[in-house]
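**Student:** take this sequence and fold it.
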Amino acid sequence: MVPRIIEKQLLDNLKPNQVIALLGARRTGKTYLMEKIKNEIGKEKVLMVQGDDLDIAEVFSTQRLSVLRNFIKGYDYLFLDEAQKIPNIGTSLKLMVDAIPGLHIFATGSSAFELFEKVGEPLTGRSNYFYLFPFSQHELRQNYLQAKGSLSGKLVFGLYPQVYLAETTLNKQDALQSIKNGYLLKDVLAVDNRKDTVFILNLLRQIAFQIGNDISYNELASTLNVNKTTVQRYLSILEKAFVIFSLPGFSRNLRKEYSKTPRYYFWDNGIRNILINNLN
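**Tutor:** The predicted structure follows:
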């Protein structure tokens, strides 16, 4: 596996009576990195649990300190994967941070808007947030010739770990399709229990064809047969789900700058290309 630069930052910030949260898109390697850090610390010191386990969710959503204290007894570290799945998780983590001396807490989440809403406010002053993205060029540790020789493949297939480490072109295509169909929109669709994948995929396709250019919310709304507010709302959600990101408008006239629309980009080229079915 490719060593991740952020691993040292996480270890350095994993301090007693503090929570560190690692956020990022699905399939970027958050669980793998958590397992790796667990092994480095020592398995006997770490209690690692999954937030999507109903038994775990029941324990951590109780907000009863006696239950939480008994559950973590004998461990110095609590590693909580997919923390956003647990109701009231922020309040429970605050109780443990404040009342259990020496406890280190490490949580991961695939959806920023869910995790921030459930964790952010109760843990003000008690937490640090970090972000994990697909591989960076620096993490690949390639020399100039290696980087140049593999550039076209990176531009086409992107740098999601599962995709980059696949051995053949067909395997890379299958991995991208799997991410697009199974993981990419999972968090987005959970908002308002929306099931209209066609609208969201079409919105992303429109963005894919306008990378680096100014967009018109009104034009997007007209093309997708929705209102402007809906377009803006789902672009914001897609940003918080780490699918796309925006850069604000620029103008030498600062008063005009605030009125310019942002430009949108994908965090990963492979995702952009598979959405428009163009892997040439």
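
**Student:** and the strand or helix carrying residue 188, what's buried?
**Tutor:** Using DSSP states H and E, residue 188 falls within helix 186-189. Residues 187-189 are the ones in helix 186-189 that count as buried (16 or more other C-beta atoms under 10 Å). Heads up, the C-betas are built off the backbone N, CA and C, glycines and all.

**Student:** now do it: which elements does it pack against?
**Tutor:** Applying 3 or more C-beta pairs under 8 Å, 6 or more residues apart in numbering; DSSP states H and E, one finds that helix 186-189 contacts helix 197-208, helix 228-240.

**Student:** how deep is residue 102 tucked in, by neighbour count?
**Tutor:** By other C-beta atoms under 10 Å, the residues close to residue 102 number 8.

**Student:** helix/strand/coil for it?
**Tutor:** Secondary structure assignment for residue 102 (DSSP: H, G, I helix; E, B strand; the rest coil): coil.

**Student:** quick one: residues contacting it.
**Tutor:** With contacts defined as C-beta atoms under 8 Å, 6 or more residues apart in numbering, residue 102 is in contact with 16-17, 76.

**Student:** for residue 207, state which of the residues you listed is nearest.
**Tutor:** Closest to residue 207 out of the contacts of residue 102 is residue 17 (42.1 Å), distances taken as C-beta to C-beta.

**Student:** list phi and psi for the closest residue to the closest one other than its chain neighbours.
**Tutor:** Take residue 17 and drop its neighbours on the chain: the residue closest to it by C-beta to C-beta, 6 or more residues apart in numbering is residue 97, 5.2 Å away. Backbone dihedrals for residue 97, given as degrees, to the nearest 10, come out at phi -60, psi -40.

**Student:** returning to what we had before: closest one to residue 272 among the helices and strands packed on helix 186-189?
**Tutor:** Nearest of the helices and strands packed on helix 186-189 (C-beta to C-beta): helix 197-208, 4.9 Å.

**Student:** for the closest one, packing partners?
**Tutor:** helix 186-189, helix 217-224, helix 228-240, strand 263-266, helix 269-275.

**Student:** return the most buried member of those.
**Tutor:** helix 269-275 (a mean of 22; mean count of other C-beta atoms under 10 Å).
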